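Asker: Have a look; sequence and predicted model below, questions after that.
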Amino acid sequence: MGDFSLPEGSLFLGFDSSTQSLKATVLDSNLNIVTSETVHFDSELPHYKTKDGVYRDSSVNGRIVSPTLMWVEALDLLLLKFVKSGLEFGKIVAVSGSGQQHGSVYWKNGGAAKLAALDAAKPLREQLKGVFSIEESPIWMDSSTTAQCKAIEDAVGGALELAQLTGSRAHERYTGPQIRKIYETQPNVYRETETISLVSSFMASILIGDYASIDETDGAGMNLMDVKERVWSKIALEATAPGLEEKLGKLAPAHAVAGPIAQYFVNRFHFNKDCLVIQWSGDNPNSLAGLTINTPGDLAISLGTSDTVFGISSEHVPRLEGHVFPNPVDTKGYMVMLVYKNGSLTREDVRNRCAGQSWDQFNKFLETTPPLNGGKLGFYYKEHEILPPLPVGFHRYIIENFNGKTSNGLKERQVEEVEEFDAPSEVRAAIEGNFLSMRAHAERFGMPSPPKRIIATGGASANQSILKCIASIFGCDVYTVQRPDSASLGAALRAAHGWFCNRKGSFVPFSGVYEKRLNNTSLHCKLSIPAGDPQLLSKYTLLMKKRIELEDHLVQKLGRM
Ligand code: ADP
Ligand code: XUL
């Protein structure tokens, strides 16, 4: 296995540039968390006037963007916070990061020259103002590209063909359809764009003072990459926009060095000039790394702005639902994932409407309502949902006399659509709905059922009442890690991994980096909630089937694709 010791006294820095905030975690050479910081966009950078870190454009159906410069200013601010807290920048030997997936940045002609000439006397924001051909980056919440998705799928021979080739059918938030829309609607802007970055490679570009490659894992979230070969797909590129390969640059594996840290950061923050920037990747892939998921039976559930379920797989089976990416810490395997747009923000909406804006009250309702909710099922789409592809809207049903007894056929049960539930039932319907849907789609996607265990992460994984519902509905133990931000932790771990690979001159197994240190507090997964009662599980199985029937019916009536 070789020597996996990290230099004594060294530090590893991992960022997470996500929808609502920029976070960072610093690990020491034993992979213990030394410090962390967050910049919350709405409250700490209020002059951008974002809500939840984004602009929802009411004039264009489904257009959701974020001001690109806000991400830059957040980096200025976060590094200043580290200066104030006395972080010894000179000890950081490698940096990496996570970006919200699919979001894209458009550099105007001349952008590279600006990046190379950053002046350490000035903040980044001042210097990067005006370098983007589009100032508002489309992000993963955007759903304005249905026409482009259809055109791309048609051009490559259908949705399943595109999934076979790139790992996913066309999705509105994916970068390829977003680029095609820009090419179609703003051809001049497309023409004057020198380089297109993902959020991940954008942030890495600032750190190296040059355009960083897109990494092979986050690159799979574009509908542009051949997921088996890990190269740009000529067919997909042609189906998207002319002259695109040139604007995307080369792909690089996630463990590769993007470049040495730019002189700007050496002069302004006293980083060591030998500090390496390891390729950034997507937030979900880095969470997979941060949770050290390496067993096919383990599933991770991330409850952040989006809700995601993911695990690993040794093969690529193309499907219309869900996504396949290259595993960011394995040169051959895959990562499989399902994504829900109505995650924390939709739960917050239910909390605000029904529980006086208080998680405590929300949890009280969860604890005092019975599992199965007396057959009350809800579908809450505050945003256009991805899975299933349904528009904004709330739908509530009661399955009469539902007691979950297996002897009665479901078909005989009466289902009534209702306008509202009482507040406690609404809270339970929202949470049970989240996880019944996740379980049904995960099973349909071929994910392990029941999973060996679930590791929960993201902001809402701090909520024990929610975790209890997950354990009952999935019928397995639920684990958590010390901190809910596995994406920045994973980025810091990948920084250490990339540093090793660079020292060795080739890929080394990721497990070598963390195996001996697994009991360290930052990596240690602890059992949070044991698997629920098996009888309750079989009742939930029946309720899940009913929910899927109702969902299929809604998709037929209202679905987008
Ligand atoms: P991101 O995907 O932007 O990184 P986070 O993982 O930081 O998001 O999660 C932020 C979300 O966590 C908030 O929108 C909030 O609703 C949710 N959250 C925080 N604490 C709780 C809690 N106790 N119960 C439920 N949700 C919570
Ligand atoms: C993944 C996705 C979201 C974003 C959130 O496909 O769209 O989970 O990565 O940051």
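Answerer: Noted; the coordinates are in hand. Ligands and ions are numbered 1, 2, ... in the order given.

Asker: from here on, contacts and neighbour counts on C-alpha atoms
Answerer: Noted.

Asker: For the stretch 251-400 of the chain, what lies in contact range of ligand 1?
Answerer: For the stretch 251-400 of the chain, the residues in contact with ligand 1 (CA under 6 Å from any ligand atom) are 304-306, 344-345, 348, 359.

Asker: and if we set it to 8 Å?
Answerer: 302-306, 344-345, 347-348, 359-360 (CA under 8 Å from any ligand atom).

Asker: same question, the stretch 451-561 of the chain
Answerer: So far as CA under 8 Å from any ligand atom goes, the stretch 451-561 of the chain lies against ligand 1 at 457-463, 466, 484-485, 487.

Asker: The residues you listed: which two are farthest apart?
Answerer: Distances among these were taken as CA to CA; the most separated pair is I466 and A487, at 20.4 Å.

Asker: Compare these two (neighbour count), which wins?
Answerer: Just comparing I466 and A487: by other CA atoms under 10 Å the higher neighbour count belongs to A487, 35 against 19.

Asker: so what's the more buried one up against?
Answerer: 15-16, 98, 283-288, 290 (CA atoms under 8 Å, 6 or more residues apart in numbering).

Asker: okay, now the domains of this structure?
Answerer: Domain assignment for the chain by automatic domain parsing gives 2-286, 344-382+392-444+531-558.

Asker: what about V257, neighbour count?
Answerer: 23.

Asker: who's it bridged to?
Answerer: Note on V257: beta-bridge partners by DSSP bridges are I278.

Asker: Output the below-cut-off pLDDT ranges for the protein.
Answerer: Within the chain, the ranges that satisfy pLDDT under 70 run 1-2, 404-413, 560-561.

Asker: circling back to that earlier point, any chance of the residues of the stretch 451-561 of the chain next to ligand 1 in CSV, plus secondary structure?
Answerer: Below are these laid out as CSV (DSSP: H, G, I helix; E, B strand; the rest coil):
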residue, secondary structure
T457, strand
G458, coil
G459, helix
A460, helix
S461, helix
A462, helix
N463, coil
I466, helix
P484, coil
D485, coil
A487, helix
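
Asker: so which of the residues you listed is the most crowded?
Answerer: A487 (35 neighbours).

Asker: Give the closest residue to it in space, chain neighbours not counted.
Answerer: Leaving aside its chain neighbours, A487 sits nearest to S287 (4.3 Å; criterion: CA to CA, 6 or more residues apart in numbering).

Asker: do the same with S344
Answerer: Nearest to S344 is T305, by CA to CA, 6+ apart, at 5.0 Å.

Asker: ok, P46 - contacts?
Answerer: By CA under 8 Å, 6+ apart, the contact list for P46 is empty.

Asker: Check the spacing between it and ligand 2 real quick.
Answerer: Going from P46 to ligand 2 by CA to the nearest ligand atom, to the nearest Å gives 21 Å.

Asker: In this protein, where's the longest helix?
Answerer: Assignment by DSSP state H gives helix 534-558 as the longest helix of the chain.

Asker: Find the closest residue to ligand 2 in the stretch 451-561 of the chain.
Answerer: As assessed by CA to the nearest ligand atom, ligand 2 sits closest to A487 within the stretch 451-561 of the chain, at 9.7 Å.

Asker: if we can go back for a sec, and of the residues of the stretch 251-400 of the chain next to ligand 1, the nearest to ligand 2?
Answerer: Using CA to the nearest ligand atom, those come closest to ligand 2 at S306, 5.1 Å.

Asker: Let me see the backbone angles for the closest one.
Answerer: phi -100, psi 160 (degrees, to the nearest 10).

Asker: Next: the one 5 residues further on.
Answerer: Geometry field for G311 lists phi and psi as phi -160, psi -170, criterion degrees, to the nearest 10.

Asker: does it really touch S287, like I thought?
Answerer: No: the pair G311 / S287 is not scored as a contact, 10.4 Å apart, by CA atoms under 8 Å.

Asker: I'd assumed V266 was in contact with I208.
Answerer: No: I208 lies out of contact with V266 (CA under 8 Å); the separation is 10.8 Å.
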